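Chemist: fold the following and give me the result.
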Amino acid sequence: MNIQRTEQGYKAAHWEATGLPPRASQVLVLRALGFTCAETAEELGCGTETIKNRIKDLHYKLKARNNAQLINNAIVAGNLKIERTKWLTDNHNHPNAYRLLWLFAKEIYEKHVSRIE
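Modeler: Numbers count the residues shown, from 1 in each chain. Predicted coordinates:
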């Protein structure tokens, strides 16, 4: 996976994280893509404990109890953006991508759509 520096943050595939420290942005983007702690650590060239600590910090900062809520809260707070493209077609072979998207969609529905109905 190629993580690119942008003017406002970091981007990988169709996700962009902004408004956070550099390493937190990189971790958030990879979590949005469904990477595990071990995969994220390997991608960023650091230890899994470092990644776990970054994820704990993100959960605290964004008031999230789980990864789906982390992604949801990051989007709501404006720290995570997705391009309006079919990013899953590029990442469909990643084993966690569909599960994470499903959890994310469920969280969005429970928080926003169910209140409107």
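Chemist: any low-confidence regions in this protein?
Modeler: 84-117 (pLDDT under 70).
Chemist: mind listing what's buried in the longest helix along the chain?
Modeler: In the chain, with assignment by DSSP state H, the single longest helix is helix 48-61. For helix 48-61, the neighbour count (16 or more other Cβ atoms under 10 Å) marks 51, 54-55, 58-59, 61 as buried. Where you see a C-beta, it was placed from the backbone N, CA and C, and this is true even at glycine.
Chemist: likewise stretch 22-36?
Modeler: Neighbour-count burial for stretch 22-36 [16+ other Cβ under 10 Å]: 24-35.
Chemist: equivalent analysis for stretch 73-81, please.
Modeler: Quick answer for stretch 73-81 (16+ other Cβ under 10 Å): 73-75, 79-81.
Chemist: contacts only, for the residue most central in space within the chain.
Modeler: What sits nearest the mean C-alpha location of the chain, by Cα atoms, centre = their mean, is Ala32, with 2.5 Å. By Cβ atoms under 8 Å, 6 or more residues apart in numbering, Ala32 lies in contact with 15, 17, 71, 74, 80, 82, 100.
Chemist: what's the farthest-apart pair in the residues you listed?
Modeler: The largest separation in the contacts of Ala32, counting by Cβ to Cβ, is between Ala17 and Leu100 at 15.1 Å.
Chemist: of the two, who's got more company?
Modeler: Ala17 (27 against 18; other Cβ atoms under 10 Å).
Chemist: what strands line up against the helix or strand harbouring that one, and which way round?
Modeler: Per DSSP states H and E, Ala17 falls inside strand 15-18. Here strand 15-18 is paired, per DSSP bridges, with strand 9-12 (antiparallel), strand 80-82 (antiparallel).
Chemist: Leu62 and Asn79: what is the separation?
Modeler: 7 Å (Cβ to Cβ, to the nearest Å).
Chemist: coming back round to it: mind checking how far the longest helix of the chain is from the chain centre?
Modeler: Taking Cα atoms, centre = their mean, to the nearest Å, one finds helix 48-61 lying 12 Å from the centre of the chain it belongs to.
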